[in-house]
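**Student:** next comes the sequence, and after it the predicted model I'd like to discuss.
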Amino acid sequence: MKTVRNLTLLFLAWLAMGQTFAQSYYPGGLGKANLVIWLDANIASSVTRNGYDQVSKWSDLSGNGNSFIQSTNSRKPVYSATGNPDGNPGIGFDADNSQYLALGTLSSSYSFAGGVSAFAQASYSATETSWGWQRIFDFGNGTSNDNFMMGRYGATSNTYYEGWNNNSGDQTYTTSNPITNNRENIFEAIQSGGTPGHLTNVAQYTAGAAQAVDGAAGTSKTYLPASLTRSNNYLGRSNWSSDDYFSGTMSELLIYNTAVNTTQRVILENYLSAEWGKAVGVQKYNAPGGAYGTNLVGIGYTSSSDYFTTDVSGSTDGLGFTSGTGSLDFLKTAGYVMAAHNGQANTVITPGNVPGITSSGTLARWNRSWYVMKSGGNSTGFVTFQFNFPDYNGSTVNRNNTFALLYNATDGSFATGTNKLITTASTSTTTTVVSFEITATNLATGYYTVLYSTAPIVLPVTLSSFTASAQGNTALLQWSASQTAALGKFSIERSADGTNFSTIAAVTAATDAATAEQYTFTDNGPLAGVNYYRLAMVDRDGTAAWSGIRSVSFAAGSSAPVVTVYPNPVVNQLHLTLTDATGAIAIRLLNSQGQPLRTISAVAPATLEIPVNGLARGIYFLAIDGSNGHYVREIFKD
């Protein structure tokens, strides 16, 4: 899965542009509040090495400065961009050469009263001796001195986690043989919180699958680490001289000073799964085609006491989610929303041309898109997308812009497929965040990003024609549409004032996406006066786009239209006939913004010709006012 190195390319691109790199992401979107150590070989810039790829420093990304170093060349592990068993970045440790990395001091400022959570993306090679005891990490003050550690249980295929209180220790270990030599996996240990220096429970998982656990003293408990300074802290080495050095690869290590809850654990497992291409026990995110595995964020709900509802600002790389647990929220019941991107540069494309989407202003689009997946949850509840501008590119929000949530089911570049604007329950802005609240029924799997413009952003028009005409006492609507495979139906909407519409019928859309289809509908009971019609094109996922408005007028008790306008579309000369009307008539030609371009006075009945050859191609309106009422006609100028 070579795409996992996109973060490295992104970092180097920032350096090439002379910009300062700022941390804007922490695993899963959980934030950094309890993150003690984060080492990630996928971010090659965090691995300092010489010309032979020997690692002298593996920098901590948690912001705590807990970086691991090695100054002796023969003991330096080796970085490779394809070093782990799955061909992804990894740091290889050779036990024969006693290779390891060390952290000088693990500060006493860390309290572990909330527990410990350790996640290691690693692979073990065969043990060096029959004794074994390979360590992924061992933090302490030498042998049997307030250590806590994680590694291989002897020379078996089991993993273990162990804590010490002064010189008393107690091992917990799996009994299900989760280690397969030279196979990459996610090894996890979650120790419950409590009183430091006392025994608390430990749960162990392998790629999210719970493991059967036992203890050397007959329990599944070990000592919770005390808050003290530890000066002998190793990756790949034990504080016990008789133990084997680690042999294998390490690709990522996360250590928290809290016992993450089930929901947070699942989010972190899916973060590692997306980044390293490894399936996990509770798979809530599947990166499409091996791409879109960068910097996963998520929210979720397991129970009323176990949930994570809001991605932390400053840890989302641009997009985060939030939902409540109330009756109107998506996380009222068990469910998850997760997203990751593909390492695209965090730039803004202006003009951000998107097929099918238009704006009369300057359209801008975030270059980065996120692949979003939803599972479970309250289908009628709300989820909020939060686009964090400082997380993305350090900019702020121009609150005078119009913002829209762009979606494409198949193409994260939005160049092919069908682009849509997601219907939102609300859109809000601050100086740093643009938020879109949507119902879960409108949240389909696919690619999302944010659009904004100085003017309204228009939904894609899928109609090739749409007309309305009087046929005796009825109104005939005719339209033609193609590429309708994603459409569920056309809802016919009617209004007496051109503003307040109600649905009067629905027509099922054809399932053939390629063939242009002709549709008709007859309104057998039109209103007296002006009838305004429009079509709501409703997709199968519930999102809708609306056509332009067409109108037909009927005099009370008469089948003849009061106003006739032709041809429409028009090129040079517009013909207007006023019948069944008397007295003075005021006629205004308006542009699409409602601004008057021309005013004509006449006495009905009358036939008029209005020259339009000097107008630009587009949509215009004729507003006609007289004793018989107010009428509006939409005009298309070719």
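**Tutor:** Thanks, I have the structure now.

**Student:** and the strand ranked longest in the chain, which strands flank it?
**Tutor:** Of all segments of type strand in the chain, defined using DSSP state E, the longest is strand 573-590. Strand 573-590 has these partner strands in its sheet, going by DSSP bridges: strand 563-566 (antiparallel), strand 596-611 (antiparallel), strand 618-626 (antiparallel).

**Student:** element containing V266, please.
**Tutor:** When elements are defined using DSSP states H and E, V266 is found to belong to helix 262-276.

**Student:** which is the next helix or strand following that helix?
**Tutor:** Next along the chain after helix 262-276, taking DSSP H and E as the criterion, comes strand 294-303.

**Student:** which stretches in the stretch 201-350 of the chain count as strands?
**Tutor:** In order along the chain, the stretch 201-350 of the chain carries the following strands (DSSP state E, counting those that start in this stretch): 209-210, 213-215, 221-223, 232-235, 248-256, 294-303, 306-308, 319-322, 335-341, 348-349.

**Student:** distance to F93 added to the ones you listed, as TSV?
**Tutor:** Placement of C-beta: from N, CA and C, glycine included. Formatted as TSV, the entries for those read as follows, by distance: least, CB to CB, whole Å:
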stretch	distance to F93
strand 209-210	25
strand 213-215	26
strand 221-223	25
strand 232-235	8
strand 248-256	6
strand 294-303	26
strand 306-308	33
strand 319-322	36
strand 335-341	29
strand 348-349	42
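
**Student:** take these and lay them out in a markdown table including mean pLDDT and distance to Y110.
**Tutor:** Supplementary listing: these in a markdown table, determined by pLDDT from 0 to 100; distance: least, CB to CB, whole Å:
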| stretch | mean pLDDT | distance to Y110 |
| --- | --- | --- |
| strand 209-210 | 98 | 27 |
| strand 213-215 | 95 | 25 |
| strand 221-223 | 97 | 15 |
| strand 232-235 | 98 | 12 |
| strand 248-256 | 98 | 10 |
| strand 294-303 | 98 | 25 |
| strand 306-308 | 98 | 22 |
| strand 319-322 | 98 | 26 |
| strand 335-341 | 98 | 29 |
| strand 348-349 | 95 | 39 |
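
**Student:** nearest to G83, out of those strands?
**Tutor:** When these are compared for distance to G83 using CB to CB, the nearest one is strand 248-256, at 5.7 Å.

**Student:** and the closest one with helix 262-276, angle?
**Tutor:** Direction vectors for strand 248-256 and helix 262-276, defined by axes from the mean of the first three to the mean of the last three CA atoms, to 10 degrees, enclose an angle of 150 degrees.

**Student:** can you list the strands that strand 248-256 pairs with?
**Tutor:** The pairing partners recorded for strand 248-256 under DSSP bridges are strand 35-40 (antiparallel), strand 90-93 (antiparallel), strand 115-124 (antiparallel).

**Student:** including mean neighbour count, could the ones you listed go into JSON lines?
**Tutor:** Converted to JSON lines, those look like this (neighbours: other CB atoms under 10 Å):
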{"stretch": "strand 35-40", "mean neighbour count": "24"}
{"stretch": "strand 90-93", "mean neighbour count": "26"}
{"stretch": "strand 115-124", "mean neighbour count": "25"}
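
**Student:** so for F139, which of the strands of the stretch 201-350 of the chain sits nearest?
**Tutor:** For those, the distance to F139 is smallest for strand 232-235, at 4.4 Å, taking CB to CB.

**Student:** hmm, who's touching that closest one?
**Tutor:** Here strand 232-235 makes contact (CB atoms under 8 Å, 6 or more residues apart in numbering) with 39, 58, 68, 100-106, 135-142, 145, 239, 246, 250, 253.

**Student:** distance from that strand to the middle of the chain?
**Tutor:** The chain centre lies 37 Å from the centre of strand 232-235; the measure is CA atoms, centre = their mean, to the nearest Å.

**Student:** give the pairing partners of it; include direction for each.
**Tutor:** If you go by DSSP bridges, strand 232-235 pairs up with strand 101-103 (antiparallel), strand 135-140 (antiparallel).

**Student:** low pLDDT regions in the stretch 1-150 of the chain?
**Tutor:** Along the stretch 1-150 of the chain, the parts satisfying pLDDT under 70 run over 1-22.

**Student:** going along the chain, name the helices of it.
**Tutor:** Chain-ordered helices for the stretch 1-150 of the chain, with DSSP state H, counting those that start in this stretch as the definition, fall at 6-16.

**Student:** quick one on the thing from earlier: can I get the strands paired with strand 573-590 in a markdown table with distance to A468?
**Tutor:** Written out in a markdown table, the entries for the strands paired with strand 573-590 read as follows (distance: least, CB to CB, whole Å):
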| stretch | distance to A468 |
| --- | --- |
| strand 563-566 | 12 |
| strand 596-611 | 21 |
| strand 618-626 | 15 |
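
**Student:** can I get those strands in JSON lines including mean neighbour count, mean pLDDT and distance to S480?
**Tutor:** Compiled in JSON lines, these are given as follows (neighbours: other CB atoms under 10 Å; pLDDT from 0 to 100; distance: least, CB to CB, whole Å):
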{"stretch": "strand 563-566", "mean neighbour count": "17", "mean pLDDT": "76", "distance to S480": "19"}
{"stretch": "strand 596-611", "mean neighbour count": "13", "mean pLDDT": "83", "distance to S480": "27"}
{"stretch": "strand 618-626", "mean neighbour count": "18", "mean pLDDT": "76", "distance to S480": "18"}
